[in-house]
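> What follows is a predicted structure for the sequence shown.
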Amino acid sequence: ASLQATFYGHTYENPFMNASGVHCMDTAELDGLATSAAGSFVTKSATAEGRDGNPEPRYVNLELGSINSMGLPNLGLAYYLKDAIQRQTAHPDKPFFLSVASYKGFDEYVANMKAIQDSAYTGLVELNLSCPNVPGKPQMAYDFEDTEKLLTEIFSFYTKPFGVKLPPYFDFMHFDKIAAVLNQFDLKFVNCINSVGNGLYIDDETDTVVIKPKGGFGGIGGEYVKPTALANVRALRQRLNPTIDIIGTGGILTGRDAYEHLLCGASMLQVGTQLYKEGLGVFDRLNSELLDILVAKGYNTIAEFKGKLATLD
Ligand SMILES: CC(C)(C)CCc1c(C(=O)O)[nH]c(=O)[nH]c1=O
């Protein structure tokens, strides 16, 4: 049996990669991912200028997951572009993903994508749509009109392959609306999900929140979010053009969690919280556990069961 994953014309040894934000801040961390058992990797979402991010504590591991309000700390788009161009030249056989964000809304998103279009980077980009839009409006991906406007603007000049990272949706009307927007564009993939926004965790000894920014409100990851992640992968797979691949992110701790994301239609799989907790060895364990599941079920390839979740008809 083989865990080979085909994604945008490349065959990866396995579908596993980090989730943007975890173990991907600088060249050293990215080198660690590149030499780990991960099939691919993605950089920390970059903004035009480098950012310190929010005051600490801003990320906390919890028994059932994690909570974070990092505030987009990153070394700036120029840093990641330089690293990416060096990396694509040194290892053309090992494609990866460059994550792009924006802290100032629509115009910065466009400017960042223009900078990549004009650069020598030719690989995949993951556009993080969970970023703030104009004050008084929700994050970009929760404003369907602005998301459509942004993608229309980007596709008017951007000719390189890219996809979008989405926050979770919780209403069938929202699954329908975001899919209707995304299906209008030649996107290579959609990554579901980003952390479940603005959760709150209370320390049971101090009766205090556990992260400093935003009065303790932060994005939730880990076991807490798997049912939501699976639902978003499944709902988007059912609605998106087959030319748009799905990356499954959220609640992947074991080979079984990975298998469930694949059943829902994911092609690549991202691991955030569990990578933070366990380190790079998590990829060796996940590969081993997923392979055991294929063998136990008599599958030779992921293609034999990908997207084949059964319903109770
Ligand atoms: C939440 C934003 C800061 C607007 C974007 C960056 C980001 C962060 C972050 O840098 O706080 N954390 C997440 O779990 N997901 C994200 O997409």
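It's in. Computed from a prediction, not measured in an experiment: that's the story for all the values here.
> Residue 8 touches residue 162, doesn't it?
No. Residue 8 is not in contact with residue 162 according to C-beta atoms under 8 Å; the separation is 10.0 Å. From N, CA and C alone the C-beta is placed, and that goes for glycine too.
> if you count what's nearby, which of the two comes out ahead?
residue 162 (23 against 14; other C-beta atoms under 10 Å).
> can you tell me which residues contact the residue in the stretch 1-150 of the chain that the ligand sits nearest to?
The minimum distance from the stretch 1-150 of the chain to the ligand, using C-beta to the nearest ligand atom, falls at residue 70 (3.4 Å). Residue 70 sits next to 21, 53-54, 58-59 when contact means C-beta atoms under 8 Å, 6 or more residues apart in numbering.
> re the thing from before, which residues do residue 8 and residue 162 both contact?
Common neighbours of residue 8 and residue 162 (C-beta under 8 Å, 6+ apart) are 124, 188.
> near the ligand, from the contacts of residue 70?
residue 21 (C-beta under 6 Å from any ligand atom).
> Mind checking which of the contacts of residue 70 are buried?
21, 54, 58-59 (16 or more other C-beta atoms under 10 Å).
> What residues does the stretch 1-150 of the chain have near the ligand?
21, 45, 68-72, 101, 128, 130-132.
> So for the longest helix seen in the chain, what gets flagged as buried?
The longest helix of the chain (DSSP state H) is helix 281-297. Within helix 281-297, the residues that count as buried by 16+ other C-beta under 10 Å are 282-283, 286-287, 289-291, 293-294.
> I'd like these written out as CSV, with pLDDT and distance to residue 305 added.
Shown next, in CSV, are the buried residues of helix 281-297 (pLDDT from 0 to 100; distance: C-beta to C-beta, whole Å):
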residue, pLDDT, distance to residue 305
282, 99, 22
283, 99, 21
286, 99, 17
287, 98, 17
289, 98, 15
290, 98, 11
291, 98, 13
293, 98, 10
294, 98, 8
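> and of those residues, the nearest to the ligand?
residue 282 (17.8 Å).
> Report the beta-bridge partner residues of the residue lying closest to residue 198 once chain neighbours are set aside.
Spatially, and ignoring its direct neighbours in sequence, residue 198 is nearest to residue 217 (4.6 Å; C-beta to C-beta, 6 or more residues apart in numbering). Residue 217 forms beta bridges with residue 200, as assigned by DSSP bridges.
> circling back to that earlier point, on the pLDDT front, check the residue of the stretch 1-150 of the chain closest to the ligand for me.
pLDDT, residue 70: 98.
> pretty sure it is in a strand, no?
No. Assigned with DSSP: H, G, I helix; E, B strand; the rest coil, residue 70 falls outside any strand and is coil.
> Near the residue nearest to residue 295 when sequence neighbours are not counted, how many other residues are there?
Closest residue in space to residue 295, ignoring its immediate chain neighbours: residue 1 at 5.3 Å, by C-beta to C-beta, 6+ apart. Counted with other C-beta under 10 Å, the neighbours of residue 1 add up to 17.
> and the stretch 201-313 of the chain, which of its residues are near the ligand?
Residues of the stretch 201-313 of the chain lying near the ligand (C-beta under 6 Å from any ligand atom): residue 219.
> Low-confidence ranges, the stretch 201-313 of the chain, go.
By pLDDT under 70, the stretch 201-313 of the chain contains no weakly predicted segment.
> So residue 36 is in contact with residue 280, correct?
Yes. Between residue 36 and residue 280 there is a contact at 4.1 Å, judged by C-beta under 8 Å.
> which one of these two has more residues nearby?
residue 36 (20 against 16).
> ok, how many other residues are close to the residue of the stretch 201-313 of the chain found nearest the ligand?
As assessed by C-beta to the nearest ligand atom, the ligand sits closest to residue 219 within the stretch 201-313 of the chain, at 3.6 Å. Per other C-beta under 10 Å, the neighbour tally for residue 219 reads 21.
> same thing with residue 173?
Count around residue 173 with other C-beta under 10 Å applied: 8.
> Need phi/psi at it.
Note on residue 173: its backbone torsions stand at phi -60, psi -40 [degrees, to the nearest 10].
> returning to what we had before: as PDB, could you dump the C-alpha coordinates of the longest helix of the chain?
Extracted in PDB, the C-alpha atoms of helix 281-297 (Å, rounded to 0.1, in the frame of the first residue of the first chain):
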ATOM      1  CA  GLY A 281       7.900  13.100  14.700                       C
ATOM      2  CA  VAL A 282       4.100  13.400  14.400                       C
ATOM      3  CA  PHE A 283       4.500  12.900  10.600                       C
ATOM      4  CA  ASP A 284       6.300   9.600  11.100                       C
ATOM      5  CA  ARG A 285       3.500   8.400  13.400                       C
ATOM      6  CA  LEU A 286       0.700   9.600  11.200                       C
ATOM      7  CA  ASN A 287       2.100   8.000   8.100                       C
ATOM      8  CA  SER A 288       2.500   4.700  10.000                       C
ATOM      9  CA  GLU A 289      -1.000   4.800  11.500                       C
ATOM     10  CA  LEU A 290      -2.700   5.800   8.200                       C
ATOM     11  CA  LEU A 291      -0.800   3.100   6.300                       C
ATOM     12  CA  ASP A 292      -1.900   0.500   8.900                       C
ATOM     13  CA  ILE A 293      -5.500   1.500   8.200                       C
ATOM     14  CA  LEU A 294      -5.100   1.100   4.400                       C
ATOM     15  CA  VAL A 295      -3.600  -2.400   5.000                       C
ATOM     16  CA  ALA A 296      -6.300  -3.400   7.500                       C
ATOM     17  CA  LYS A 297      -9.000  -2.300   5.000                       C
END
